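> I need the structure of the sequence given here:
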Amino acid sequence: MARSQESPVSSAVGRCRGPLPRRSILEAGMVGATGLALADLLRLRSAAAESGTAPAAVPSDTAVIFIWLPGGFPHMETYDMKPDAPSEYRGEFKPIKTNVTGIEVTELFPLHARCADRYSLIRSIAHDFSDHGGGHKRLMTGRLPKTPVGTVNDAPACPSIVAKMREGRSQGLPHNILMPDQGRQGVDVFAFGSAYLGPAYTPFVVPGDPSAAQFAVPNLSLSPETAARLEDRRRLLAGVDRIRRDIDRSGSMAALDQFTEKACGLLTSAAARNAFDLTREDAATRERYGHHSWGQRTLMARRLVEAGASFVSVVLENPVPGKPLPFGTTYNWDCHAVNCHVFTDTRFRAPYYDQTVTALVEDIHARGLDKRVLVVATGEFGHTPRINYQVGTQTGVKQPGRDHWPAAMSVLVSGGGLRMGQVVGSTNAKGECPKERPLTPNDLWATIYRHLGVDTAHAFIDHSGRPMPILPFGEPIRELV
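The predicted structure follows:
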């Protein structure tokens, strides 16, 4: 396939608001006062299949846990340390050795250091989109977005494509699940929209903090009032449908009924409830992941893929929702000087990230899932190698920060039957751009699709009637496969 000629670009921007939440057209599975959106989703998928637009199912039990780090993962503070760079580049932290010779990570990641043989780092991915919107769309779709801003996709997010390609394989769980903070659950917040595939392939959204005592999956745990409304509605529909069936001799009404029944089945399925039930995990495992939103959300993702979900996206923004953020820190990874003191912020969130990611890496290997489950951790871009100083909006004092930088970013991968314990690619001495093995987000997606058995040459018809291949360019990363 032809490769893109994306060129590394720099970016120095002022205060960044980040993507704004938008309500999705259809939030799959949510229970409303008038009915079940999940049943509508199932009808839409059936209609797509009957129209001949649905591809053949991929007979595979492989899965992906996609750890999404909105705001941009700061590569110079984490996976791509430059201790010999000038002080205005290298920052405050020192690299430490790991259990694999030649792999070093930040001193803030001591748990990473003991399991580097179970993950690989990619240090040479780059693209051209320095705005959050453009960066989200570029990363999540594997395409060059038509506009450099905004998070409403003009092409389907890759998790939606996975759901489309696997719709013929039923394991009792949705194939595209998104787990964000409460209030950040719109599919357009992070460019998770399904575009021309239609709303049937948007994620099944599970918002909130699973470590909170009051946490409940709204799609599966019905309040008594909602359950009563649901039962009343089913009785009403049963009476209406008897009349409709008498009129309709073609059997189409009976066919439609199965979608509502299937939706209700998912709501009351013991397998689905069990997969979301963290109390079934032993105390040591829950403690290893951490009793915070990031750890318990990621543990839930492992349970979901183990139970049959194909693609679970875990959004890691604020590790302590509902609590005041420490002075000098910000909500997500967007470490502009106007938002936070980059070193204070990294010290705050690094222990949560170190614990969560390494718990998942070690867990999938210990449970024998490392061939079946692929873990990917990435943001939409890196951050500027050169440190800048501005007055913080919250702190009111001049502080160091880093701005958006799509010209270089680091990604962690683990499992998936890939080759672990290595670093793929490198950046130059100041961490500014790829030096060896330049790659694009499409090469990452080609690697993910290969693991899932998705044919990237398969095409879908867009809104203008043109066939659009799943991935227009990119190749699996040979060092990993």
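> which pLDDT does the model give residue 304?
Among the per-residue scores, residue 304 holds a pLDDT of 96.
> one more: residue 39?
At residue 39, the pLDDT recorded in the model is 51.
> how close does the residue nearest the centre of the chain sit to residue 359?
Closest to where the C-alpha atoms of the chain average out (CA atoms, centre = their mean) is residue 313, at 3.2 Å. The spacing between residue 313 and residue 359, counted by CB to CB, to the nearest Å, is 18 Å. All C-beta atoms are positioned from the backbone trio N, CA, C, and that covers glycine.
> residue 82 now?
Distance from residue 82 to residue 359, counting by CB to CB: 28 Å.
> kindly report the same for residue 90.
Plainly put, residue 90 is 29 Å away from residue 359 if you go by CB to CB.
> close enough to count as contact, residue 192 and residue 204?
No. Using CB atoms under 8 Å as the test, residue 192 is too far from residue 204 to be in contact (11.1 Å).
> find the residues that touch each one of the two.
Common contacts of residue 192 and residue 204 (CB atoms under 8 Å, 6 or more residues apart in numbering): residue 178.
> compare these two (neighbour count), which wins?
Under the criterion of other CB atoms under 10 Å, the comparison of residue 192 against residue 204 puts residue 192 first, with 29 against 24.
> for the more buried one, what are phi and psi?
Here is the backbone geometry of residue 192 (degrees, to the nearest 10): phi -100, psi 10.
> leaving out sequence neighbours, find the closest residue to it.
Spatial nearest neighbour of residue 192, excluding adjacent residues (CB to CB, 6 or more residues apart in numbering): residue 157 at 4.7 Å.
> looks like the one you found contacts residue 188 (just checking).
No. Counting by CB under 8 Å, residue 157 sits too far from residue 188 to count as a contact (10.0 Å).
> what about these two, which has more around it?
In this view residue 157 and residue 188 are compared by other CB under 10 Å, and residue 157 has more residues nearby, 30 against 21.
> any idea how far that one is from residue 81?
For residue 157, the distance to residue 81 - CB to CB - is 31 Å.
> what ranges do the strands span in the stretch 201-350 of the chain?
Applying DSSP state E, counting those that start in this stretch to the stretch 201-350 of the chain gives strands spanning 204-205, 311-315.
> just say which of these is most tucked in.
Scoring those by mean neighbour count under mean count of other CB atoms under 10 Å gives strand 311-315 as the most buried, with a mean of 26.
> using CSV, list the CA coordinates for it.
Provided in CSV are the C-alpha atoms of strand 311-315 (Å, rounded to 0.1, in the frame of the first residue of the first chain):
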residue,chain,number,x,y,z
PHE,A,311,-12.1,-3.7,21.6
VAL,A,312,-12.3,-1.8,24.9
SER,A,313,-11.0,1.8,25.1
VAL,A,314,-10.0,2.9,28.6
VAL,A,315,-9.7,6.7,28.9
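> what does it rub up against?
So strand 311-315 is contacted by 63-68, 70, 159, 162-163, 175-181, 184, 190, 192, 203, 297-298, 301, 304-305, 452 (CB under 8 Å, 6+ apart).
> quick one: mean pLDDT for stretch 152-169?
Stretch 152-169 comes out at a mean pLDDT of 94.
> and that stretch, which residues are buried?
Residues of stretch 152-169 classed as buried: 153-167 (neighbour count, 16 or more other CB atoms under 10 Å).
> end-to-end on that stretch?
28 Å (CA to CA, to the nearest Å).
> any idea how far it is from the middle of the chain?
Per CA atoms, centre = their mean, to the nearest Å, the displacement of stretch 152-169 from the mean C-alpha position of its chain is 13 Å.
> any chance you could map the helices in the chain?
For the chain, helices defined by DSSP state H occupy the ranges 37-50, 87-90, 110-113, 132-141, 158-165, 224-247, 252-268, 270-276, 283-289, 293-307, 342-366, 441-452.
> not counting its neighbours along the chain, what's nearest residue 185?
Closest to residue 185 by CB to CB, 6+ apart is residue 207, at 4.0 Å.
> show the pLDDT at that neighbour.
With respect to pLDDT, residue 207 scores 95.
> and what of residue 327?
Residue 327 is given a pLDDT of 97.
> likewise residue 16?
So, for residue 16, pLDDT stands at 45.
> remind me which residues of the protein are low pLDDT?
Along the chain, the model assigns pLDDT under 70 to residues 1-60, 218-269.
> if we use 50, what do you get?
Applying pLDDT under 50 to the chain flags residues 1-5, 7-37, 40-41, 48-59, 222-223, 226, 230, 247, 250-259.
> what's near enough to touch residue 212?
When contacts are counted by CB under 8 Å, 6+ apart, residue 212 touches 293, 322.
> again with residue 361
115, 118-119, 375, 414-415.
> before we move on, the earlier item: to residue 347, which of the strands of the stretch 201-350 of the chain lies closest?
Across those, residue 347 has its closest neighbour in strand 311-315 (21.6 Å, CB to CB).
> how much space between the closest residue to residue 281 other than its chain neighbours and residue 356?
Ranked by CB to CB, 6+ apart and with sequence neighbours excluded, the top spatial neighbour of residue 281 is residue 299, at 6.5 Å. In this view, residue 299 and residue 356 are 9 Å apart by CB to CB.
> overlap of the contact sets of those two?
residue 289.
> quick one, which of the two is more surrounded?
Shown here are residue 299 and residue 356; by other CB under 10 Å, residue 356 has more neighbours (27 against 24).
> tally of neighbours for residue 61?
For residue 61, the neighbour count with other CB under 10 Å is 12.
> residues contacting it?
Per CB under 8 Å, 6+ apart, neighbours of residue 61: 308, 372.
> now do residue 460
Residue 460 sits next to 53, 156, 161, 164, 196-197, 467-468, 470 when contact means CB under 8 Å, 6+ apart.
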